[in-house]
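> Below are the sequence and a predicted model; questions follow.
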Number of protein chains: 2
Amino acid sequence: MSIRTTMADVARESGVSLMTVSRVINGKVDVSEDTRQRVLEVIDRLDYRPSGIARSLATRRTGTIGLVMPDVSNPFFSDVARGVTTAAYREDYNVFLCSSEEDSHRELDLLHSLEEKRIDGLILCSSRLADEVLAAALANFPSAVLVNRRWRETGVGTVLADDETGARMLVAHLLHSGRRRIGLLAGPPMSHSGSARLRGYQRALATAGFSCEDALVQPCAPVVNGGLDAALTLLAAQPQIDALFCYNDLVAVGALQACARLGRRVPDDVAVAGFDDIPLAALMTPALTTCRVPRYELGVRATEVLLTQIDGRPGECCEVVVPVEMVVRASAP
Amino acid sequence: MSIRTTMADVARESGVSLMTVSRVINGKVDVSEDTRQRVLEVIDRLDYRPSGIARSLATRRTGTIGLVMPDVSNPFFSDVARGVTTAAYREDYNVFLCSSEEDSHRELDLLHSLEEKRIDGLILCSSRLADEVLAAALANFPSAVLVNRRWRETGVGTVLADDETGARMLVAHLLHSGRRRIGLLAGPPMSHSGSARLRGYQRALATAGFSCEDALVQPCAPVVNGGLDAALTLLAAQPQIDALFCYNDLVAVGALQACARLGRRVPDDVAVAGFDDIPLAALMTPALTTCRVPRYELGVRATEVLLTQIDGRPGECCEVVVPVEMVVRASAP
DNA sequence: CTGTTAGCGCCTTCAT
DNA sequence: ATGAAGGCGCTAACAG
């Protein structure tokens, strides 16, 4: 496989010119059925596979998109990734996967590398970049879709879950079941979900006539250990807390562990609610009350919006908001 | 961003030739510090980013690798993927992620698309392809590493977990704790882990002087529902079973659900053991006895082996076997 | 140290 | 319906 067979080989072998081969490969109509068959036969026999690189240089299209996310192994994002790869596959695109490991320096670095790869479009999930930095980076891509980050610029698609509504429903549910001191383990403020879930929490309290105390809001890394640490801290500082609304399910799992460690029974002493409804949520003991976010669909929709933009039909559906659904289980009945 | 700035622009702007710019970009030494600075300044000012496509066409290297796996959203593979992307990032490679969704037709299709993309190397995880088909496909890549599939061909790297040893330890542990009718929920026979774990099961039984009955071996899809269905079937057919050795942790979770549904207590009536030690395993109730497989490391090692091959140092470390470690928890004490 | 000449493999445009 | 010429943006040889 050191020296690849090229279009010239196929042309020579089938006694036609390069252009004819090219036409056959690209399914142009103006080729006689006769020569088409002959060329196809040679292509098959030589196991010829056209060079996407050369083609890309000539057409200025690569048939690739970039997918950047904070952590592929986070079950939320791995579902998004599956949606993206599946939708991309349908339209014959390949996907560059980049995991920034929650590091915004690396995130920017990855965006630069994708720029050099001349991807046709970018899907950027839960970007941690500051607005100006993000704006500068996005400007260098022919088209882009942001997942989980609100963005006003035209030409940039946006796919969001309805996090605020979900958070309001969940906190209203906690209040309705008699909880009065509801702590929040808050997520990344730069992400839409982080700020929207906080907002939903605040609004639900306000609507019910309660004040929102800063002391009940604890910043928290969006993973199990983040939830464990934050819950331990918050419960120590505010022992009268009777419910924890957690940024996501992973955090909620950490919160469950913290409660167990502190001897607080769930849900009797402390109710716990998560967000996302990752598969884990239903399997915990007690099973987690949470809000279902259609992660796979987020990935699919983001890809569809992006490919639509790439095909030069921008404008339409520039901001997609997908609904979420409360799921009540044992951790906060 | 419609018309990209090119090397010619940089050359003109800084009053040098194309080659000098090229040299600066590629860090060649034979450029005077003076002109280097001038060129760098222009590159920075114009925010010039070289075209990887053009460069690839000229150098016949793309700086990309392909990663093909059955399912990105499976926690096993998403950890592998994180290892691959991280190791690739270190060496300045980008990763094409392909999820075959457990469909071997699609898997082959994805391999073809990667061929056209002219990737420098391929990492193929748990391929479900038949030997001849796989051999033909691999021949078209400059280098390749298989994860979780044994392969004898030279020039193809291989990274495996020591599944057989792990399975033997686990089954020996079950026997040691007094279990006598041990059912197996078996995984994909085409994968190394599927066959190796079966072999470990058989050998552990044989070593202890027990026969291995086919009736105790139930084929099973490698996901939660697969485990649920298979366990229901097997426990119905063989009610005297007192332990289930499951292909992986997801299957074990399904088995736990089946036991709950059938009113069999775990571990009192039936012990359950999984494999992989995904994060979920420790969080289940009862927590799963399992075998820790270093998934992230598998991805890192596979990438290292691949990049070593790409750099033209083949031969060395063509088959890497990473050790596993038994983790005893409540589901099979 | 710097520039010139040829491609890399394919597609676009214009002829035929 | 088919072919010839030129170029996509960059780098590998050679010159100078």
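That came through fine. Only a predicted model underlies this, so the values are computations on that prediction, with no experimental measurement involved. Residues are numbered from 1 along each chain as shown, chains lettered A, B, ... in the order given.
> For the residue in chain A that DNA strand D sits nearest to, give me phi and psi.
Here chain A gets closest to DNA strand D at one residue, residue A:17, 3.2 Å apart by C-beta to the nearest atom of the strand. Glycine gets a C-beta too; all of them are placed from N, C-alpha and C. Dihedral pair for residue A:17: phi -90, psi 170, per degrees, to the nearest 10.
> Give me the distance between it and residue A:48.
16 Å (C-beta to C-beta, to the nearest Å).
> Between these two, tell me which one has more neighbours.
Neighbour count, other C-beta atoms under 10 Å in any protein chain shown: between residue A:17 and residue A:48, residue A:48 has more, with 18 against 12.
> What residues does the more buried one make contact with?
A:5, A:6, A:7, A:9, A:10, A:42 (C-beta atoms under 8 Å, 6 or more residues apart in numbering or on different chains).
> neighbour-wise, which of those leads?
Going by other C-beta under 10 Å, residue A:10 tops the contacts of residue A:48 with 24 neighbours.
> what does the model give it for pLDDT?
According to the prediction, residue A:10 has pLDDT 91.
> same for DNA strand C: which of the contacts of residue A:48 are within range?
A:6, A:7 (C-beta under 7 Å from any atom of the strand).
> just checking, which of the contacts of residue A:48 belong to helices?
Among those, DSSP state H puts A:7, A:9, A:10, A:42 in helices.
> what's the nearest residue to the first one if we skip its chain neighbours?
Residue nearest to residue A:7 in three dimensions, not counting chain neighbours: residue A:21, with 5.2 Å by C-beta to C-beta, 6 or more residues apart in numbering or on different chains.
> hmm, back to that, quick one: which of the contacts of residue A:48 is nearest residue B:324?
Set against residue B:324, the nearest of the contacts of residue A:48 by C-beta to C-beta is residue A:5 (42.9 Å).
> check contacts around that closest one.
Contacts of residue A:5 (C-beta under 8 Å, 6+ apart): A:46, A:47, A:48.
> Would you check how far apart it and residue B:188 are?
34 Å.
> got it, and residue A:324?
35 Å.
> So if I had to pick from the two, which one is more boxed in?
residue A:324 (23 against 20).
> surely the more buried one meets residue A:160?
No. Applying C-beta atoms under 8 Å, one finds residue A:324 not in contact with residue A:160, separated by 10.3 Å.
> Please list all residues in contact with the residue in the stretch 101-250 of chain A positioned nearest to DNA strand C.
Nearest to DNA strand C, among the residues of the stretch 101-250 of chain A, is residue A:118, at 13.2 Å (C-beta to the nearest atom of the strand). Contacts for residue A:118 (C-beta under 8 Å, 6+ apart) come out as A:56, A:60, A:62, B:51, B:52, B:53.
> my guess is it is in a helix, correct?
No. Under DSSP: H, G, I helix; E, B strand; the rest coil, residue A:118 falls outside any helix and is assigned coil.
> so how far is residue B:56 from it?
From residue A:118 to residue B:56 the distance is 10 Å (C-beta to C-beta).
> that's a strand at residue A:321, yeah?
Yes. Looking at residue A:321 with three-state DSSP, it is inside a strand.
> That one: neighbour count?
Quick note: residue A:321 (other C-beta under 10 Å) scores 14 neighbours.
> Confirm for me that it is in contact with residue A:161.
Yes. Applying C-beta under 8 Å as the test, residue A:321 and residue A:161 come out as touching, 7.4 Å apart.
> Please report the distance of the closest residue to residue A:9 other than its chain neighbours from residue A:72.
Of all residues not flanking residue A:9 in the chain, residue A:46 sits nearest, at 6.3 Å (C-beta to C-beta, 6+ apart). Counting by C-beta to C-beta, the gap from residue A:46 to residue A:72 is 37 Å.
> out of these two, which sits in the busier spot?
Higher neighbour count among residue A:46 and residue A:72: residue A:72, with 29 against 14, using other C-beta under 10 Å.
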